[in-house]
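*Asks:* got a predicted structure plus its sequence, pasted below:
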Amino acid sequence: MEASFDFKLVKMYYHVSPEGAERPVYQTAAANLFQPALLREALSESGQVVQATSLALPASFMGASLCQLSLIQLLFAAAYDRLIDLSPENLVYQVERHGEHAHLGYRIREVRSAAIPSAPDNRDAFMTRHWQQYFTAFVTPALENIAAAADLKAEAIWQQFGGQTSYLKNFVQTHEPRAAVVAQLLRDCERLGELPAEWFNSKRNPYLHKPRFVENPLRTDEKWMLKSSCCLYDRRVNGKMCYTCPRMTTEAREQRKCELLAAAEAASSGTASRED
């Protein structure tokens, strides 16, 4: 019997679900990521929606979405002991305009999965065989195609994978009440970080990452995790670096901190005035 997966959080944060985007402004089969002309069309259409100044930003977003597909598999594997099918043949890439920003994600054509062996050694071997096929046949060539189409180095995208994985681990450790699920996710993430670098055509496994943090300027008792690499969000009309971008200098972050505090103070003053 097929598992009944709860896609609520996956749809909210990764924009992946069986029903897909409610009103996609662009969509194409994920398998088209292997066809240069169709891939370039997808990047161009995506870039227009996110107001990109070049193909670099949509390439960054699309490439990072491949990491998210792997993280969804990890999340469901830990929660259900099932490996969900997120192969390119089973996915439709979608772009949805949402207010002033856009969501890039996937519709799953058919929800299907395979049971994962329960014994730890058998589970590790099963997942390793899956990852070898998934990366060498799908993620790695697709990511390299995306990077080449946007005249980027593949490493510019790979380097984002570690941070995204750390965000997921942090989120699950904070919000998942089932200790067994948390423990299994952390174990599976650790094994993912042990995969051979050559499966990624890279010098190192991109899932290896040691998180760094900066102070939340609005709540000094809270820390924000730095991204593992720049996502190129500044390469859009009136774009700015994210506050958690590792490329941001200390001086630039201090200036942005002042801007955030000033905006918060103005918003607070406006609320007080309306209440008066």
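*Replies:* Yes, it's here.
*Asks:* any idea which helix or strand in the chain has the lowest mean pLDDT?
*Replies:* Every helix and strand in the chain was compared by mean pLDDT, DSSP states H and E; the lowest is helix 250-275, with a mean of 80.
*Asks:* and the strands in the stretch 1-150 of the chain, which stretches?
*Replies:* For the stretch 1-150 of the chain, strands defined by DSSP state E, counting those that start in this stretch occupy the ranges 16-17, 26-29, 82-84, 91-98, 101-108, 113-115.
*Asks:* sheet partners, orientation included, of the shortest one?
*Replies:* The strands that strand 16-17 pairs with in its sheet are strand 101-108 (parallel) (by DSSP bridges).
*Asks:* can I get the partner strand as PDB, trimmed to CA atoms?
*Replies:* Provided in PDB are the C-alpha atoms of strand 101-108 (Å, rounded to 0.1, in the frame of the first residue of the first chain):
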ATOM      1  CA  HIS A 101       8.100  37.600  -5.400                       C
ATOM      2  CA  ALA A 102       8.100  34.200  -7.200                       C
ATOM      3  CA  HIS A 103       8.200  30.600  -6.200                       C
ATOM      4  CA  LEU A 104      10.100  28.000  -8.300                       C
ATOM      5  CA  GLY A 105       9.100  24.400  -7.600                       C
ATOM      6  CA  TYR A 106       7.800  21.100  -9.000                       C
ATOM      7  CA  ARG A 107       4.500  19.300  -9.400                       C
ATOM      8  CA  ILE A 108       4.800  15.500  -8.800                       C
END
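*Asks:* and the helices in this protein, which stretches?
*Replies:* Per DSSP state H, the chain carries helices over the ranges 8-14, 36-49, 56-80, 120-134, 140-149, 154-158, 161-175, 179-192, 250-275.
*Asks:* how does this structure divide into domains?
*Replies:* 8-211, 213-276 (automatic domain parsing).
*Asks:* by mean pLDDT, show me the worst of these.
*Replies:* The minimum mean pLDDT among the domains of the chain belongs to domain 213-276 (a mean of 87).
*Asks:* can you pull the contacts of L86?
*Replies:* Contacts for L86 (CB atoms under 8 Å, 6 or more residues apart in numbering) come out as 16, 69, 72-73, 106, 108. Using the backbone N, CA and C atoms, a C-beta is placed for each residue, glycine as well.
*Asks:* mean neighbour count and distance to T28 for the helices of the chain - can I get that in a markdown table?
*Replies:* Formatted as a markdown table, the helices of the chain follow (neighbours: other CB atoms under 10 Å; distance: least, CB to CB, whole Å):
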| stretch | mean neighbour count | distance to T28 |
| --- | --- | --- |
| helix 8-14 | 15 | 18 |
| helix 36-49 | 17 | 5 |
| helix 56-80 | 23 | 11 |
| helix 120-134 | 14 | 20 |
| helix 140-149 | 20 | 13 |
| helix 154-158 | 21 | 19 |
| helix 161-175 | 18 | 23 |
| helix 179-192 | 16 | 28 |
| helix 250-275 | 11 | 36 |
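*Asks:* K240 is nearest to which of those helices?
*Replies:* Ranking the helices of the chain by proximity to K240 (CB to CB) places helix 250-275 first, at 7.8 Å.
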